[in-house]
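Colleague: Turn this into a model:
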Amino acid sequence: MASYAAVLSLFHTLNNIKIHPRPPISLDPQQLQSLTQNLTFFQDFLERHSCTGEEDDDILESRIAAVAYAAEDVIETHIVDQIHHRSNIFSKGRWKLTDAVEKSVKKIMGAQKVDQPDSGSTSHGLNIHRGYLYQDLGRVIGDMDLIKREVMEIIQDKIMTPQHHPHLHTNSSGVPASTWQSSAMPVFDDAIITDVLDKLIGQQSGLQIIPIIGMGGIGKTTFARNIYAKPLIVQYFDTMAWVTISQQYSRRNILQVLYQEVKGSIDGLSEMSEDEIGQILYKHLCGRRYLIVMDDIWSVEAWDTVKSFFPDSNGSRIMITTRLSNLAIELSCDHVFQMQFLDDNKSWNLLCEIMFGKLNCPIQLENIGKEIARKCRGLPLGIAVIGGLLKKSNMTQAYWSYTLGNLNAIINLENDEYTLRILRTSYKELPVHLKPCFLYIGIFPEDYEIKASLLIKLWIAEGILRPIDDKNLEEVAKEYLKELIDRNLILIAKLRPDGEARLCKIHDLLRDVCLRESQKQKFFCVVSGKQKHHTPRGMGMDRRICIDPENTNKEYSPLFLNVLKYAPLVRSLLSYNDILEHANLRYISLISNYQSAPRLLSVCSLFWNLQTLKVDNRYSSEPIIASAIWEMPLLRHVMLYEFELPDPPGEHKFVLENLQRLSLVKNFKFSDEVVKRIPNLKKLKVKYERSGVEEEKRVPNICINNLGRLQKLESFNLNIVLLDSCEKENIRRNLVSFPHSLKKLILSGTELDWEDLTTRIGSLPLLQFLRLSLGACRGPKWKTVEGQFCSLQVLQIADADDLKYWDTDSSHFPRLEHLLLQFFEELEEIPSSIGDIPTLKSIQLVGCSKFADDSAKRIKAEQEENGNEDLQVIIYSSSR
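Modeller: Next up, the predicted model:
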């Protein structure tokens with residue numbers, strides 16, 4: 001929700017001012033204390049007292065958001081004023097950015113008028129002048145105090161007023177009402193049906209809980225109903241009952257529904273206590289083989305309230321449906337059944353069954369119909385809604401083409417936005433700390449596969465994460481991402497070797513939920529190309545703006561400038577065009593031209609709150625010297641195509657505690673002073689290359705023996721090119737100590753002996769990924785030993801021209817999953833023992849010798865003879 005995000009964002013801004021070694025402004029201690037107390041109160045209120053979604057609650061939340069943003073506007077506008085006042089960087093006599101970039105920077109930083117940096121206004125209607133920070137902030141604090149008093153009255157009223165939960169309803173026959181408006185059923189996978197039936201009527205004697213899990217609308221209830229109604233199930237169980245739990249539940253209502261289901265009567269229920277109803281239910285079920293379905297359960301607490309009334313009768317089962325994957329863990333379930341999206345064929349079959357029953361689709365509509373089914377992304381609820389609409393519509397190509405082009409809007413409008421209401425429930429029930437993170441995903445384009453690492457950086461930069469003691473923000477963000485995945489709101493598109501998400505995405509209909517909620521709460525604004533010559537109403541108050549990726553470069557420039565002109569409060573500008581991705585005081589990511597990158601890097605320290613700096617400067621005509629980085633203590637990630645990092649200046653002793661990534665640094669020097677300044681670095685990519693043949697352009701002593709002192713380093717990429725033999729030998733001789741924290745290592749051109757690889761790298765306890773290329777190792781023989789590479793999962797070796805013999809055993813790579821060998825022209829064979837590694841999934845050869853190819857084929861054949869059909873062997877032979 002926007003209000004919670006606004007409170008957290010202001011908290012982060014205040015904290016960054018507090019911890020900054022050279023804060024751009026100083027706040028009055030009493031005002032800082034008042035702000036902190038009010039923000040703490042608002043945060044606690046939003047976390048503890050979930051709002052109902054009614055109009056009064058929405059107004060209150062919008063007021064909290066507005067006053068938090070107003071305080072941030074006052075503070076940041078005065079910061080900009082001070083930065084401009086202390087620096088002549090924009091004045092005459094110094095170089096100037098292009099007009100567009102200058103205006104962009106000032107607008108994003110909060111200045112209202114480019115030619116009048118001393119004045120402006122905030123979203124709270126305040127006039128900003130130098131020296132009036134105390135008065136301006138005092139007015140906002142006064143408004144905060146007023147809202148705080150109103151909130152306290154609301155809390156008191158809630159304490160005094162008893163809360164009532166809605167009654168639960170169930171079909172008296174024991175078969176739940178269908179969410180589908182057609183007799184058609186999704187074509188469920190036979191394997192999952194068989195597995196569930198086996199669990200229900202299998203030989204396990206004790207009471208078993210069987211969870212059916214998946215996102216809203218994927219067909220959990222329909223699947224459970226299909227199982228529940230099967231004659232085999234009805235005959236097997238002595239007693240059956242179905243109860244729908246939903247978000248709001250009461251123990252009494254659950255017990256009443258179950259009592260009515262199993263007893264067939266409600267006589268005397270009103271006079272009984274909850275425990276009396278439960279005891280009668282327990283006695284009735286005792287000794288009987290029963291099946292209870294608890295549909296749409298949202299918390300383990302709902303189960304805990306009634307579990308004592310379910311006896312451990314022989315062969316009894318409780319089947320639950322839920323959107324929450326982690327609920328199965330909390331219930332200690334042995335097996336989880338995860339509902340999958342329908343594939344294209346099953347989606348089309350379901351759509352046809354809904355529209356035509358047993359008849360065939362008209363041939364002229366088949367191609368469009370299949371595309372409509374595909375665009376529903378395998379979600380049965382969406383297919384059911386669109387099928388019901390098309391069934392009642394004109395069976396013409398024109399109408400179906402219109403439907404295809406407006407699919408999501410039509411699905412949400414049909415049945416009074418029934419589909420949207422079902423999916424919105426998942427958002428409403430999120431803990432408040434997850435709501436801003438979920439909404440933020442809507443800023444990415446439809447069908448966009450999002451890098452999990454990028455999403456984490458953006459969440460942090462936006463200031464929408466709640467700090468947790470003893471955890472850095474990256475760890476908090478990973479936990480939040482996992483929670484959203486467990487709730488089936490974010491889908492995993494690709495996994496990393498360590499099992500974490502590399503790429504993720506969101507279903508189109510859930511993205512619509514994000515867009516609508518964000519528009520309602522003014523959390524972010526999406527601008528389309530149709531708006532390039534005018535400003536959407538109200539954009540002047542927006543702080544996050546996304547430019548539709550469908551805009552072309554030609555359309556983009558006027559649209560981008562128009563946004564900056566009319567959105568002075570924007571802190572986050574996100575586009576997927578080639579010109580600019582995302583720029584604000586906390587996160588800059590852009591593709592630069594040949595001039596802008598050096599200039600940007602020379603002044604980037606002006607961005608006092610910058611956390612991520614990402615510049616594609618491959619077309620720059622000048623070397624990038626990033627000495628300003630040493631003056632930016634809040635930086636977390638620095639990613640450039642290539643840059644040079646001089647030694648830290650002696651006058652500033654900043655330790656970059658937050659810095660986690662540096663890439664790609666040319667001729668990086670691991671001096672004592674440098675290593676001390678970056679103690680928490682996790683990712684480092686370096687390259688060593690001479691800039692000329694002259695003696696003064698030789699690579700100096702880089703002190704690479706200090707590499708092992710970076711004790712938090714998890715990923716290291718070292719590339720050596722264009723060095724003479726003495727320079728290479730100096731690096732090779734001193735490359736003796738690697739941090740034990742390393743999980744990923746890429747070496748290129750290092751010319752280590754194979755024995756060095758085993759002794760120096762094989763002992764790294766956490767190493768999971770190792771790539772060696774372009775002469776990283778040298779010599780005709782590589783002999784490994786037991787006890788090395790204990791955690792290695794991926795091994796990639798390329799261009800080992802002189803390696804002939806590889807002597808190893810399966811126990812030397814106990815966890816290896818993927819082996820890739822490229823351009824091994826002299827290798828005589830791959831050891832057959834490689835195939836005996838129990839975790840091995842694939843062997844891939846590219847351009848290797850015929851002997852190596854033949855040995856890989858033999859390994860495949862041997863494993864198949866031993867019953868291992870899963871090992872993949874892929875060979876791309878070079879032309880010989």
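
Colleague: C-alpha coordinates for the one helix or strand K687 maps to, PDB please?
Modeller: In the assignment (DSSP states H and E), K687 maps to strand 683-688. Only the C-alpha atoms of strand 683-688 are listed here, as PDB (Å, rounded to 0.1, in the frame of the first residue of the first chain):
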ATOM      1  CA  LYS A 683      30.600  -9.500  -6.300                       C
ATOM      2  CA  LEU A 684      33.700  -8.300  -8.100                       C
ATOM      3  CA  LYS A 685      34.600  -8.400 -11.800                       C
ATOM      4  CA  VAL A 686      38.000  -7.300 -12.900                       C
ATOM      5  CA  LYS A 687      40.100  -7.200 -16.000                       C
ATOM      6  CA  TYR A 688      43.900  -6.700 -16.400                       C
END
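
Colleague: pLDDT below threshold where in the stretch 51-200 of the chain?
Modeller: The model of the stretch 51-200 of the chain has pLDDT under 70 over residues 51-56, 84-131, 158-187.

Colleague: where does the stretch 651-800 of the chain have low pLDDT?
Modeller: Within the stretch 651-800 of the chain, the segments meeting pLDDT under 70 span 651-652, 691-700.

Colleague: please redo it, this time with the cut-off set to 90
Modeller: Filtered on pLDDT under 90, the stretch 651-800 of the chain yields the residue ranges 651-654, 689-705, 721-737, 756, 758-759, 775, 800.

Colleague: Quick one: residues contacting S748.
Modeller: By CB atoms under 8 Å, 6 or more residues apart in numbering, the residues touching S748 are 718-721, 772-776. Where you see a C-beta, it was placed from the backbone N, CA and C, and this is true even at glycine.

Colleague: give me that answer again for 10 Å
Modeller: The contact partners of S748, taken as CB atoms under 10 Å, 6 or more residues apart in numbering, are 687, 717-721, 771-776, 798-799.

Colleague: and which of the residues you listed is nearest I834?
Modeller: For those, the residue nearest I834 by CB to CB is L772; the value is 16.3 Å.

Colleague: ok, that closest one touching L757?
Modeller: Yes. Counting by CB atoms under 10 Å, a contact exists between L772 and L757, whose distance comes to 7.5 Å.

Colleague: Overlap in contacts, these two.
Modeller: The contact sets of L772 and L757 overlap at 747, 750, 797 (CB under 10 Å, 6+ apart).

Colleague: From the residues you listed, which land in helices?
Modeller: Secondary structure assignment by DSSP state H places none of those in helices.

Colleague: Quick one: list the elements packing against the strand holding K687.
Modeller: Where contact means 3 or more CB pairs under 10 Å, 6 or more residues apart in numbering; DSSP states H and E, strand 683-688 is packed against strand 637-643, strand 661-666, strand 715-720, helix 725-734, strand 744-748.

Colleague: out of the ones you listed, nearest to G206?
Modeller: Comparing these by their distance to G206 (CB to CB), the top pick is strand 744-748, with 44.5 Å.

Colleague: That closest one vs strand 715-720, what angle?
Modeller: Taking axes from the mean of the first three to the mean of the last three CA atoms, to 10 degrees, one finds that strand 744-748 is oriented at 0 degrees with respect to strand 715-720.

Colleague: and the next element down the chain from strand 744-748?
Modeller: From strand 744-748, the next helix or strand downstream (DSSP H and E) is strand 752-753.

Colleague: Local confidence estimate at the residue nearest to G219 when sequence neighbours are not counted?
Modeller: Excluding the flanking residues, the one nearest G219 by CB to CB, 6 or more residues apart in numbering is P380, at 4.2 Å. What the model reports for P380 is a pLDDT of 82.

Colleague: How much space separates P380 from N349?
Modeller: Between P380 and N349 the computed distance is 11 Å (CB to CB, to the nearest Å).

Colleague: Mind checking which of the two has more residues around it?
Modeller: For P380 versus N349, the count of surrounding residues by other CB atoms under 10 Å is larger for P380: 29 against 17.

Colleague: Isn't the more buried one up against I218?
Modeller: Yes. In terms of CB under 10 Å, P380 counts as a neighbour of I218; the distance is 6.3 Å.

Colleague: Alright, calling it a day.
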